[in-house]
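Enquirer: okay, predicted coordinates and the sequence, questions at the end:
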Amino acid sequence: MGTPDFAVEPLKAIVNDGFNVVGVVTVPDKPAGRGLKLQESPVKRYAIEQGIKVLQPEKLRDPAFTEELKSLSPDIAVVVAFRMLPKEVWSLPTLGTFNLHASLLPQYRGAAPINWAVINGEKVSGVTTFLIDEQIDTGNILLSEKVDIDINDTAGQLHDKLMVVGASLTVKTIKALASKSITPTPQPSGIELKSAPKIFRETCKIVWANSALSVHNHIRGLSPYPGAWSDLELTDGTIVSAKIQLTALAESYKHNDIGSITVDKDRLIVSCNDSCVEILQLQLPGKKSMATPDLLRGMQSNLPKRFL
């Protein structure tokens, strides 16, 4: 059960390992693009390629869906990046229903664990498989695996690392459940937890008064999607909204007023609270995302002055 690309890799791994996949559950097709043409989820497209039965219920509590799922007689259900399941669904498989979560539980329960791990400057993340229960991301842990986070890794790069490791861990978990060689372990309690709530537009606004490292982490934790943003004042006084995708720490530069910009040939250096960051890639309204040197060449004399 899943929808985005993150769910496709585990499904591929399951198929490639020779398991009998009796069905795939994903979201209904949704209109997208200019023509609002119905778009299939990545999971559905792959399932169709493999000749796997696809179920797309509007409501997970629909009795017709439950009956159809029951008719497939699943031994194990695997959930990756999907909606919260009602008990009548997750309790059906004889050996259990488990979820692949993109964090080392119990840390970063919630909708955006990859983004928040990078935003918070974590050096290690990982994936966890756990048995689903009535709560969100609280079930007994089956297996987990750590993944290092580099200082310049974006959320997109961490996503791709975890997707590969998660696919392998999914297969290991299925084999362990099938052979009954694993004992589910309750998640640790009594420790300080970091959450991973849904990200909104205001979450993405850059606060230049923070430290340079904090700003750098914030931007890479929201790259490539949904993207960190800030209002930008140009030299002619125009204020536009800029989306910033890539930065680097620029500690060798002297920092000035918070948010002020130094244009050094083809480089953009922004002052934060304690040091500076270099803007490597950004996007202005109505423009495509561009590397800083290309953007500066196109702006001619009306250059960036400061971020607000």
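Expert: Yep, that arrived. Numbering: from 1, shown residues only.
Enquirer: for residue 227, what are its contacts?
Expert: 204, 243, 244, 245, 283 (CB atoms under 8 Å, 6 or more residues apart in numbering). Bear in mind the C-beta positions are built from the backbone N, C-alpha and C, glycine included.
Enquirer: how about residue 118: what's its closest non-neighbour residue?
Expert: residue 221 (3.5 Å; CB to CB, 6 or more residues apart in numbering).
Enquirer: burial of the one you found, as a residue count?
Expert: If you count neighbours by other CB atoms under 10 Å, residue 221 ends up with 25.
Enquirer: and residue 307, what are its bridge partners?
Expert: residue 232 (DSSP bridges).
Enquirer: residues in contact with it?
Expert: Residue 307 touches 206, 208, 230, 231, 232, 233, 242, 259, 261, 270, counting by CB under 8 Å, 6+ apart.
Enquirer: residue contacts, the fourth one?
Expert: In this structure, residue 231 makes contact with 239, 240, 241, 242, 307, 308, judged by CB under 8 Å, 6+ apart.
Enquirer: switch the cut-off to 6 Å
Expert: 239, 241, 308 (CB atoms under 6 Å, 6 or more residues apart in numbering).
Enquirer: also the fifth one?
Expert: With contact set as CB under 6 Å, 6+ apart, residue 232 has these partners: 240, 242, 304, 307.
Enquirer: secondary structure class for residue 15?
Expert: helix (DSSP: H, G, I helix; E, B strand; the rest coil).
Enquirer: and it, how far from residue 170?
Expert: 11 Å (CB to CB, to the nearest Å).
Enquirer: so which of those two has more stuff around it?
Expert: Neighbours were counted for residue 15 and for residue 170 using other CB under 10 Å; residue 170 has more, 24 against 16.
Enquirer: surely that one is within a helix?
Expert: Yes: counting by three-state DSSP, one finds residue 170 located in a helix.
Enquirer: list the contacts for the closest residue to it other than its chain neighbours?
Expert: Nearest residue to residue 170, sequence neighbours excluded (CB to CB, 6+ apart): residue 10, at 4.1 Å. Shown in contact with residue 10 (CB under 6 Å, 6+ apart): 80, 166, 167, 170.
Enquirer: what distance do you get for residue 10 to residue 167?
Expert: Computed as CB to CB, the residue 10 to residue 167 distance reads 5 Å.
Enquirer: what of residue 307?
Expert: 39 Å.
Enquirer: need the single longest strand in this protein, by residues.
Expert: The longest strand of the chain (DSSP state E) is strand 239-249.
Enquirer: so which helix or strand takes in the residue nearest in space to the middle of the chain?
Expert: For the chain, residue 114 is the residue whose C-alpha lies nearest the centre (CA atoms, centre = their mean; 4.7 Å). Secondary structure from DSSP states H and E places residue 114 in helix 113-119.
Enquirer: all helices of the protein, in order?
Expert: Residue ranges of the helices in the chain, as given by DSSP state H, are 5-16, 42-49, 63-71, 87-90, 113-119, 155-178, 212-221, 292-299.
Enquirer: and those helices, which is most packed in?
Expert: With neighbours defined as mean count of other CB atoms under 10 Å, the helices of the chain peak in mean count at helix 113-119, which reaches a mean of 26.
Enquirer: would you mind pulling the contact partners of that one?
Expert: 102-103, 108, 125, 155, 158-159, 196, 199, 217-218, 220-221.
Enquirer: before we move on, what about stretch 70-80?
Expert: By CB under 6 Å, 6+ apart, the list of residues contacting stretch 70-80 from outside reads 1-2, 7, 10, 22-23, 92-95, 97, 99-100, 174, 177.
Enquirer: out of these, the closest to residue 274 would be?
Expert: The closest of the contacts of stretch 70-80 to residue 274 turns out to be residue 100 (CB to CB; 38.4 Å).
Enquirer: could you dump the contacts of helix 113-119 into JSON lines and include pLDDT and distance to residue 187?
Expert: Output for the contacts of helix 113-119, formatted as JSON lines (pLDDT from 0 to 100; distance: CB to CB, whole Å):
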{"residue": "102", "pLDDT": "98", "distance to residue 187": "16"}
{"residue": "103", "pLDDT": "98", "distance to residue 187": "12"}
{"residue": "108", "pLDDT": "98", "distance to residue 187": "12"}
{"residue": "125", "pLDDT": "98", "distance to residue 187": "16"}
{"residue": "155", "pLDDT": "98", "distance to residue 187": "24"}
{"residue": "158", "pLDDT": "98", "distance to residue 187": "22"}
{"residue": "159", "pLDDT": "98", "distance to residue 187": "23"}
{"residue": "196", "pLDDT": "97", "distance to residue 187": "15"}
{"residue": "199", "pLDDT": "97", "distance to residue 187": "23"}
{"residue": "217", "pLDDT": "98", "distance to residue 187": "26"}
{"residue": "218", "pLDDT": "98", "distance to residue 187": "28"}
{"residue": "220", "pLDDT": "98", "distance to residue 187": "28"}
{"residue": "221", "pLDDT": "98", "distance to residue 187": "24"}
